[in-house]
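Visitor: just to be clear, the model below is a prediction. Sequence and coordinates:
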Amino acid sequence: MMKTTMKQWIDGIIKNNNTVAVPVMTHPGIELINHTVKEACCDGQVHFEAIKALAEKYPTAAATVIMDLTVEAEAFGAEIHFTEDAVPAVIGHMLNNADDIKALKVPSLKAARVPAYLKANLLSARAISDRPVLSGCIGPFSLAGRLYDMSEIMVLIYQDPDAAHTLLAKCTEFILKYCKALKATGVDGVVMAEPAAGLMSDDDCKRFSSDYVKYIVEQVQDDTFSVVLHNCGNTGHCTKAMVATGSAAYHFGNKCDMREVIKDVPPTALAMGNIDPVSVFKEGTPEQMYETTTRLLQDMKQYPNFVLSSGCDTPPHTPMENIDAFFKALDDYNNSL
């Protein structure tokens, strides 16, 4: 655990003339230690070693765990498809109607791979003390969509909003329990991934996502533990709903314009983003990465609460040369100030 609090860490970033970087990446670390994605997603020790390897290699301002949006769904009983070198995926859906929702039981923290993820966070918090460790979880609406089917839940919120709220309440109960357990491991915050909320209007996003996220934030966020709300489905249309959660930081995907969305973020909260993890981090050249990163840094120069990041979790087989170019651009930019 860090010697400083998360509040001090955030205040320090805002007051610092230099920009810092917190790319959401663990997969390059898995490759550094010669393991597979499946091994890291199922074995807390391997997961931790990947996080530690990346923290030792790159000057990130915080370490992050894998953004795995299947852990909580699997705990509820969803079927998960694993491959050696791709992120896990939910197969189909397990709920079909209001009766299924009513019968759904909120699982314990011993279910499925939850213990493996708690282990990875515990080991990371103990081993990494020079920067925050940010754990990860899914958001309530995104979890509900994985249990009910994403297309079907978009229909449900209009046809039977009471059933939708019942499901969201159960998802929130489990996520809150999980976040409290993550906090207890000693990590410094959690990146809550709520991309499905970007499918809704700002008003619906607030009703069916942000109100529930806010409830979790109010229960777990304090000076020592921060919630980073990630919504890569937001194109800029639901930033106000995101900010209504009161999270300490907001993480934006590459579909939105950082120059616009950052205007809606309070100056006391961090705005993080948003280099494309696929077309730039994985598929671009080092030269493209350098140019794209430099342009974003220049665009954000008037915002001291900006934190350079990827738009989402960097995928497996992202070239190290591109990550190097990302940090080279950041160094050159800071040295030019």
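Guide: Arrived safely, thanks for sending. Keep in mind that this is a model prediction, so the values were computed, not measured. Numbers count the residues shown, from 1 in each chain.
Visitor: could you use CA atoms for every contact and neighbour count after this?
Guide: Will do.
Visitor: all the strands of the protein, in order from the start?
Guide: With DSSP state E as the criterion, the chain has strands at 63-64, 79-83, 86-91, 133-138, 189-193, 226-231, 249-252, 270-275, 306-310.
Visitor: and those as a markdown table, adding mean pLDDT?
Guide: As requested, the strands of the chain are exported to a markdown table (pLDDT from 0 to 100):
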| stretch | mean pLDDT |
| --- | --- |
| strand 63-64 | 98 |
| strand 79-83 | 97 |
| strand 86-91 | 95 |
| strand 133-138 | 98 |
| strand 189-193 | 98 |
| strand 226-231 | 98 |
| strand 249-252 | 98 |
| strand 270-275 | 98 |
| strand 306-310 | 98 |
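Visitor: those strands: which one's closest to residue 293?
Guide: Residue 293 sits nearest to strand 270-275 of all the strands of the chain, at 7.0 Å, using Cα to Cα.
Visitor: show me the shaky parts of the stretch 51-200 of the chain.
Guide: Along the stretch 51-200 of the chain, no part satisfies pLDDT under 70.
Visitor: show me where it has its helices.
Guide: 71-76, 98-103, 114-127, 140-148, 150-159, 161-184 (DSSP state H, counting those that start in this stretch).
Visitor: roughly how far apart are the residue sitting nearest the centre point of the chain and residue 164?
Guide: Taking Cα atoms, centre = their mean, the centroid of the chain lies closest to residue 191, which sits 3.7 Å from it. With distances taken as Cα to Cα, to the nearest Å, residue 191 is found 24 Å from residue 164.
Visitor: buried ones in stretch 109-119?
Guide: Burial within stretch 109-119, assessed by neighbour count using 16 or more other Cα atoms under 10 Å, is assigned to 109, 112-114, 116-119.
Visitor: returning to what we had before: how about the strands of the chain in TSV, adding distance to residue 149?
Guide: Below are these laid out as TSV (distance: least, Cα to Cα, whole Å):
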stretch	distance to residue 149
strand 63-64	28
strand 79-83	13
strand 86-91	10
strand 133-138	15
strand 189-193	17
strand 226-231	18
strand 249-252	24
strand 270-275	27
strand 306-310	27
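Visitor: residue 2: which of these is closest?
Guide: Using Cα to Cα, the nearest of these to residue 2 is strand 133-138, at 8.5 Å.
Visitor: touching that closest one from outside, list them.
Guide: Strand 133-138 is contacted from outside by 1, 62-69, 72, 121, 124-125, 175, 179, 182, 187-194, using Cα atoms under 8 Å, 6 or more residues apart in numbering.
Visitor: give the pairing partners of it; include direction for each.
Guide: Strand 133-138 has its sheet partners listed here by DSSP bridges as strand 63-64 (parallel), strand 189-193 (parallel).
Visitor: CA atoms of the last one as CSV?
Guide: Listed next in CSV are the C-alpha coordinates belonging to strand 189-193 (Å, rounded to 0.1, in the frame of the first residue of the first chain):
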residue,chain,number,x,y,z
GLY,A,189,-9.0,1.9,-5.7
VAL,A,190,-11.1,0.2,-8.2
VAL,A,191,-11.7,0.8,-11.9
MET,A,192,-15.3,0.1,-12.4
ALA,A,193,-16.0,-0.8,-16.0
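Visitor: who's in contact with the residue lying closest to residue 322 once chain neighbours are set aside?
Guide: Excluding its sequence neighbours, the residue lying closest to residue 322 (Cα to Cα, 6 or more residues apart in numbering) is residue 286, at 4.7 Å. Applying Cα under 8 Å, 6+ apart to residue 286 gives the contacts 321-322, 324-326.
Visitor: between all of those, which two are separated the most?
Guide: So, the contacts of residue 286 by Cα to Cα: farthest apart are 321 and 326, at 8.7 Å.
Visitor: and those two? which has more neighbours close in?
Guide: When residue 321 and residue 326 are compared for neighbours, residue 326 comes out ahead with 28 against 14, by other Cα atoms under 10 Å.
Visitor: how many other residues sit next to residue 299?
Guide: 12.
Visitor: of the contacts of strand 133-138, keep whichever come out buried.
Guide: 1, 62-69, 72, 121, 124-125, 175, 179, 182, 187-194.
Visitor: if we can go back for a sec, can you redo the helices of the stretch 51-200 of the chain as a markdown table with distance to residue 258?
Guide: Shown next, in a markdown table, are the helices of the stretch 51-200 of the chain (distance: least, Cα to Cα, whole Å):
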| stretch | distance to residue 258 |
| --- | --- |
| helix 71-76 | 29 |
| helix 98-103 | 37 |
| helix 114-127 | 30 |
| helix 140-148 | 23 |
| helix 150-159 | 27 |
| helix 161-184 | 28 |
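Visitor: of those helices, which stretch is the most buried?
Guide: Compared across the helices of the stretch 51-200 of the chain, helix 140-148 shows the largest average neighbour count, a mean of 26 (mean count of other Cα atoms under 10 Å).
Visitor: tilt between it and strand 86-91?
Guide: On the basis of axes from the mean of the first three to the mean of the last three Cα atoms, to 10 degrees, helix 140-148 is oriented at 60 degrees to strand 86-91.
Visitor: what's helix 140-148 packed up against?
Guide: helix 71-76, helix 150-159, helix 161-184 (3 or more Cα pairs under 8 Å, 6 or more residues apart in numbering; DSSP states H and E).
Visitor: what angle do the last one and strand 226-231 make?
Guide: Taking the same axes, to 10 degrees, one finds helix 161-184 and strand 226-231 inclined to each other by 140 degrees.
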